[in-house]
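Asker: need a 3D model of the sequence below.
(chains A and B)
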Protein chains: 2
Amino acid sequence: MALIVQKFGGTSVGSIERIKNVAQRVARARAAGDEVVVVASAMSGETNRLLALGAQITKHPNERELDALVATGEQVSVALLAIALESIGVPARSFLGHQVRLRTDSGFTKARIKGLDADVLLGTIRDGRVPIVAGFQGVDDAGNVTTLGRGGSDTTAVAIAAALGQGVACEIYTDVEGVYTADPNVCKNAKKVGRISYEEMLELASLGAKVLQIRSVELAMKYAVPVHVRSSFSDAPGTWVVGEEASLESVVVAGVTSDKNEAKVTIRDVPDQPGRAASLFEALADARISVDMIIQNPSATAGTNKGTTDMTFTVPKGDVDKAREIAKKLFESQGIDVDGDVVKVSIVGLGMRSHAGVAAKMFRILADEGINIQAISTSEIKVSCLIHSKYHELAVRALHDGFGLGD
Amino acid sequence: MALIVQKFGGTSVGSIERIKNVAQRVARARAAGDEVVVVASAMSGETNRLLALGAQITKHPNERELDALVATGEQVSVALLAIALESIGVPARSFLGHQVRLRTDSGFTKARIKGLDADVLLGTIRDGRVPIVAGFQGVDDAGNVTTLGRGGSDTTAVAIAAALGQGVACEIYTDVEGVYTADPNVCKNAKKVGRISYEEMLELASLGAKVLQIRSVELAMKYAVPVHVRSSFSDAPGTWVVGEEASLESVVVAGVTSDKNEAKVTIRDVPDQPGRAASLFEALADARISVDMIIQNPSATAGTNKGTTDMTFTVPKGDVDKAREIAKKLFESQGIDVDGDVVKVSIVGLGMRSHAGVAAKMFRILADEGINIQAISTSEIKVSCLIHSKYHELAVRALHDGFGLGD
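Answerer: Residues are numbered from 1 along each chain as shown, chains lettered A, B, ... in the order given. Next comes the predicted model:
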């Protein structure tokens, strides 16, 4: 008998039939002796439908009002889920952000959680009821409705698990069976990972494996919340995201991911003078454009101040026009090239910290397939290579097989 | 320059185009120097869509959750309206029930307003913003979301006008031009009424003229809130609902209405003993069935206890099966007839109080058309007759012309 948080995503509550299935699953967990707090997202498509209503009025809707608008999506889900549970004899009660005092800052459309009132939930459980909390939403100190950004319900669920007490697990029900060693659509022999560390999951999440919102993983790591990512359409165990010490399989490479959402910007013949790079990246940071990879080709006449160099960096595709404008202002005479036909492939694994030669092996595998590496970036537990997008699937499969990740 | 409450019903905010039109109307009122508090209903069809979702799960959804579910309809409207106003340069702010502390009792699906925090609204106006309040919803003392029943947004609007101070008018924008002397679909020459008293409006509202929720009229009368019912699709003045002293035209008959929503139940050969009628109507009251008209035919053998009588009464059509069951239990041996082919036609007017012969004139008009009267009920300012439903339109037109109400 345990206290667990079960979070159901948009596809899991995407229809009345599915909402009834979720109610049955919660009822089974309860019948098995567990106490459950449920967190639900909006029915799939609902958030987009609401955003489209706002967009029909104006391109830039007021963000406070946008949050009040889209927060209704989760309100509908939790009310329906409570109705479904009550209808099968399980006492339940829906809670909105203001009703569990889930306080956030006032960063509308991307607010951050400051705290919540776990006593309301614990009291509801003591009364024999299943609390069903609307994900994604909170209230700021002035009582305004806020939302946490896309995928924010994951963060709500982890925050609730953390607030309920040490060791309370958070089950994230979604439309995939867990975290895989690579995208199963690309690698037919990709395997489900049984356990993965928060650190690895963070790298995977930020690299585009859209299983968990990145902030929910950060929060889970901070409060040591065990997270179980699993399918709402089966009873098969999924992937546990846990602390490093609990992650038994400290494999060298846990998975391969790829990200097609970056574009490469190259500024040619930049005067090779101190401070030119700094001024560029300061200007990009001021414009809130996050730069990922940076390569500066060595100057042809190194050691003098008269040479020139090519500067290359990557930014999210959506920011590429803004980045080009900024670069143009700073380097008026130079040519600026933008290349969107790139993909970043990465290998991630805790074991890299203690294993030498992992990066070298990655470069070799790509070279053996005739794939040119355009840029490289690394972290303690990750190596990423930027390559031409036409090699995307080939590179992922070669790395997946080369590191022995397949079945 | 005045402070006014403008309430927009579901059809007035039924599409993005119409929401933009409402924003323009609010902006015009503001440009003309008025301060406006807006109250909005859910977009037309939305409440029914939400109720249908709940009904797909179970026939009898939990009422607390039903309220949380349907309250989203108004939340969407007010957020969209605020977005629309902001997009044309008018600062605006949406408010939900909990944000204006619109407190109600805990009678889910039909809660009654206990009070609200007008200071939040007045402060918002002082800050130069238009407050846009979600109609129909409130919170009880425990913070649960409640709703006020169908048409509850009218009541929200009147309650806000009352709370904002003496003499604050409440404009109810709807899809009709005001209150008419009869249903214009039945009487081609029906006239819009310029002014009508609260009392007359109460009788008209309860008789089926679905222009205003009856509780909103009661509330307006209690706090002397001037109510202006008008069309959101034109600038023509509508009907003012005001106190008797302000209602200049104290006409004998203000209007003719009809109600097809009653059925007649007749219990034949009831033993004419004291207490039999009482036990029946007590049982009906216990079952929360509201009985409207009652006729007891004089016993054939009056003065003895051995005679029998026929008892006839009317109830809402939706309650007729329940009423028949109750009657069956109490009067096992008697025959019970139910007749749904009836309509109640009524004339309403403050002037009746001081004019004799109005009822007699009504009976004469119906008789002249060959219409048999099956039951009669009267109040100080109303006379109602139950007739066969086939005479519905004929009776309304005859009374409308007979009392000189047409153009």
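
Asker: quick check: A:Leu386 touching A:Gly340?
Answerer: No - at 11.9 Å, A:Leu386 and A:Gly340 do not qualify as touching, with contact defined as CB atoms under 8 Å. C-beta: built from backbone N, CA, C; applies to glycine.

Asker: show me which of these two is the more surrounded one.
Answerer: A:Leu386 (24 against 12; other CB atoms under 10 Å in any protein chain shown).

Asker: on that earlier part again, which residues do A:Leu386 and A:Gly340 both contact?
Answerer: A:Lys264 (CB atoms under 8 Å, 6 or more residues apart in numbering or on different chains).

Asker: what count of nearby residues applies to the closest residue to chain B within the stretch 301-407 of chain A?
Answerer: Going by CB to the nearest CB, chain B is nearest to A:Gly318 of the stretch 301-407 of chain A, at 22.7 Å. Applying other CB under 10 Å, we find 10 residues neighbouring A:Gly318.

Asker: checking my notes, it in a helix, right?
Answerer: Yes - per DSSP: H, G, I helix; E, B strand; the rest coil, A:Gly318 lies within a helix segment.

Asker: now do it, the pLDDT please.
Answerer: The model reports A:Gly318 with a pLDDT of 91.

Asker: residues from the stretch 51-200 of chain A in reach of chain B?
Answerer: Within the stretch 51-200 of chain A, the positions adjacent to chain B are A:53-54, A:56-58, A:60-62, A:64-66, A:68-69, A:71-72, A:75-76, A:78-80, A:82-84, A:86-87, A:92-94, A:96, A:98-99, A:143-145 by CB under 8 Å from any CB of the partner chain.

Asker: who are the neighbours in contact with the closest residue in space to A:Asp341 that isn't next to it in sequence?
Answerer: Distances taken as CB to CB, 6 or more residues apart in numbering or on different chains put A:Ser389 closest to A:Asp341, at 4.7 Å, once the chain neighbours are dropped. Residues counted as contacts of A:Ser389 (CB under 8 Å, 6+ apart) are A:260, A:341-343.

Asker: tell me which residues in the lowest-mean-pLDDT helix or strand in chain A are buried?
Answerer: Ranking every helix and strand in chain A by mean pLDDT, DSSP states H and E puts strand A:294-296 at the bottom, with a mean of 81. For strand A:294-296, the neighbour count (16 or more other CB atoms under 10 Å in any protein chain shown) marks A:Ile295 as buried.

Asker: which strands or helices does that strand pack on?
Answerer: Other elements packing on strand A:294-296 under the criterion 3 or more CB pairs under 8 Å, 6 or more residues apart in numbering or on different chains; DSSP states H and E are strand A:308-316, strand A:375-379.

Asker: winner for burial among those strands?
Answerer: Mean neighbours per residue, mean count of other CB atoms under 10 Å in any protein chain shown, is largest over those for strand A:308-316, with a mean of 20.

Asker: and the contacts of the helix or strand following it?
Answerer: On the C-terminal side of strand A:308-316, the nearest following helix or strand under DSSP states H and E is helix A:320-330. The contact list for helix A:320-330 (CB under 8 Å, 6+ apart) reads A:263, A:265, A:267, A:279-280, A:283-284, A:287, A:289, A:315, A:336, A:338, A:340.

Asker: relative to strand A:308-316, how tilted is helix A:320-330?
Answerer: 150 degrees (axes from the mean of the first three to the mean of the last three CA atoms, to 10 degrees).

Asker: what does the next helix or strand after helix A:320-330 contact?
Answerer: Using DSSP H and E, the helix or strand that follows helix A:320-330 towards the C-terminus is strand A:336-339. Here strand A:336-339 makes contact (CB under 8 Å, 6+ apart) with A:263-268, A:320, A:324, A:327-328.

Asker: average pLDDT across strand A:336-339?
Answerer: Rounded mean pLDDT across strand A:336-339 is 92.

Asker: cool, and stretch A:252-261?
Answerer: Mean pLDDT, stretch A:252-261: 90.
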